[in-house]
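Novice: Kindly generate the corresponding structure for this input.
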Amino acid sequence: MKNNQVTVLLNSGTTIPIMGFGTFSSMNDRKETKQAVHMALQMGYRHFDTARIYGSEPAVGEALTEAIHGQMIDREDTFLTSKLWSSDHHDPLSALNQTLKKLGMEYVDMYLVHWPVKLKPWATYAVPKEDDFESGLGLETTWAAMEKCLDMGLCRSIGVSNFSSNKIQHLLDFASVPPALNQVEMHPTWRQRKLIEVCGDHNIHVSAYSPLGGPGNAWGSTAVVDHPIIRSIALKHHATPAQVALSWGLSKGASVIVKSFNEQRMKENLGALDLRLDDQDLLSIEKMEERKIMRGEFLVNGTTSPYKTIQDLWDDEI
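Specialist: Numbers count the residues shown, from 1 in each chain. Predicted coordinates:
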């Protein structure tokens, strides 16, 4: 088995490859995304992450379908994640059926609640306006519908994204099926210590998005890969700063979702699977200042949002 096929077992009984390939792109060029997924498949990536709001579902589905029909891969050997956008909380079943139609797939391996917020059905864009927010979260109703999607075999696992420790605990108070995964921002300068502990206590896998700090995104930062400590560790191991950051995430038991359509960087990211950080490296990283990069300000306002402050959104874990 290739290194990049290393998997972890989820509480749902399915396994997830620890190196995921992210498909969000601000350009959302269908041809470019499709080519990148084909290239990733050839390199050995088997875990692909998309979402309705990314607009990349059709390109990802086409690339995977072509690879399956060409007998390059079997569907069972791939792990496909998509996400419920906040305007679809009123009907997750219809939303997932639309996602499956766009993907050309019978099921996804993981379906996530993208954010813990409910928007009006028309708010199908990334940055909601003030009158787009529903008054309550309605998470009980949303999660019951997610469980129905699971029962119907439209997904193999269900989970959440951008949930704080408190929101995980709240969900567990009423969930018949616990989330299998929480996908959150996590990297050496946002280490998620408390959340990892809480999720670990309940056998909920943590998956790290922007494990390099999202340097290619409009909201991202190069602060992680440019940090002197990360660069020093990279020099010591004859590795790259990106490989050090990814190896750190993997050392915490998380899977990492890397996003680059550049062939050289895609190969470089896979190289993190062969890097082992020592105790001194890990201690050095623990000394780094922390700062959350994707703060979610677009979900906060003083009038209509359930979150009046950033602290409300993250339950003071920021």
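Novice: next structured bit after the one helix or strand Ala242 maps to?
Specialist: For Ala242, the host element (DSSP states H and E) is helix 241-251. Downstream of helix 241-251, the next assigned helix or strand under DSSP H and E is strand 255-258.
Novice: which residues touch that following strand?
Specialist: If you take CB atoms under 8 Å, 6 or more residues apart in numbering as the criterion, strand 255-258 is touched by 8, 16-22, 47, 49, 183, 205-212, 246, 249-250, 266, 269, 272. For every residue, glycine as well, the C-beta is placed using N, CA and C.
Novice: Return the subset of these lying in helices.
Specialist: Leu246, Gly249, Leu250, Met266, Asn269 (DSSP state H).
Novice: which residues sit in contact with the closest residue to the first one other than its chain neighbours?
Specialist: This means Leu246. Excluding its sequence neighbours, the residue lying closest to Leu246 (CB to CB, 6 or more residues apart in numbering) is Ala272, at 3.6 Å. For Ala272, the contacting residues are Met19, Ala239, Ala242, Gln243, Val244, Ala245, Leu246, Ser247, Leu250, Val256, by CB under 8 Å, 6+ apart.
Novice: now the residues you listed in a markdown table, with neighbour count?
Specialist: Conversion of the contacts of Ala272 to a markdown table gives the following (neighbours: other CB atoms under 10 Å):
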| residue | neighbour count |
| --- | --- |
| Met19 | 26 |
| Ala239 | 19 |
| Ala242 | 23 |
| Gln243 | 25 |
| Val244 | 28 |
| Ala245 | 27 |
| Leu246 | 29 |
| Ser247 | 24 |
| Leu250 | 20 |
| Val256 | 27 |
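Novice: Make TSV out of these and add pLDDT and distance to Val37.
Specialist: Below are the contacts of Ala272 laid out as TSV (pLDDT from 0 to 100; distance: CB to CB, whole Å):
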residue	pLDDT	distance to Val37
Met19	97	14
Ala239	97	26
Ala242	97	20
Gln243	98	22
Val244	98	26
Ala245	98	23
Leu246	98	19
Ser247	98	24
Leu250	97	22
Val256	98	17
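Novice: what's the closest of the residues you listed to Ile158?
Specialist: Val256 (20.7 Å; CB to CB).
Novice: What's opposite the closest one in the beta bridge?
Specialist: Beta-bridge partners recorded for Val256 (DSSP bridges): Met19, Ala208.
Novice: Would you list the phi and psi of the closest residue to Leu150 other than its chain neighbours?
Specialist: Closest residue to Leu150 apart from its sequence neighbours, by CB to CB, 6+ apart: Ile158 at 5.2 Å. Here is the backbone geometry of Ile158 (degrees, to the nearest 10): phi -130, psi 150.
Novice: tell me the contacts of Ile158?
Specialist: Ser12, Met110, Tyr111, Leu112, Met146, Glu147, Cys149, Leu150, Val177, Pro179, Ala180 are the contacts of Ile158 under CB under 8 Å, 6+ apart.
Novice: Which among those residues count as buried?
Specialist: The neighbour count (16 or more other CB atoms under 10 Å) marks Ser12, Met110, Tyr111, Leu112, Met146, Cys149, Leu150, Pro179, Ala180 as buried among the contacts of Ile158.
Novice: residue farthest from the centroid of this structure?
Specialist: The outermost residue of the chain relative to its centre, with distances by CA atoms, centre = their mean, is Lys236 at 29.7 Å.
Novice: what's next to the helix or strand that it is a member of, contact-wise?
Specialist: For Lys236, the host element (DSSP H and E) is helix 228-237. With contact meaning CB under 8 Å, 6+ apart, helix 228-237 is reached by 188, 224-225, 239-241, 243-245, 275, 277, 281, 284-285, 287-288.
Novice: Leu313 versus the nearest residue to Ala123 once chain neighbours are set aside, what's the distance?
Specialist: Nearest in space to Ala123, with sequence neighbours left out and distances taken as CB to CB, 6+ apart, is Asp132 at 3.8 Å. Look at Asp132 and Leu313: by CB to CB, to the nearest Å, they are 16 Å apart.
Novice: so where is the stretch 151-300 of the chain shaky, pLDDT-wise?
Specialist: Residue ranges of the stretch 151-300 of the chain with pLDDT under 70: 218-219.
Novice: go with 90
Specialist: 214-222 (pLDDT under 90).
Novice: sorry, back to before: for the contacts of Ala272, which one is nearest Asn166?
Specialist: Using CB to CB, these come closest to Asn166 at Val256, 24.4 Å.
Novice: I'd like the distance between that closest one and Leu246.
Specialist: Distance from Val256 to Leu246, by CB to CB: 5 Å.
Novice: what residues do these two have in common as contacts?
Specialist: Shared contacts of Val256 and Leu246, counting by CB under 8 Å, 6+ apart, come down to Met19, Pro211, Ala272.
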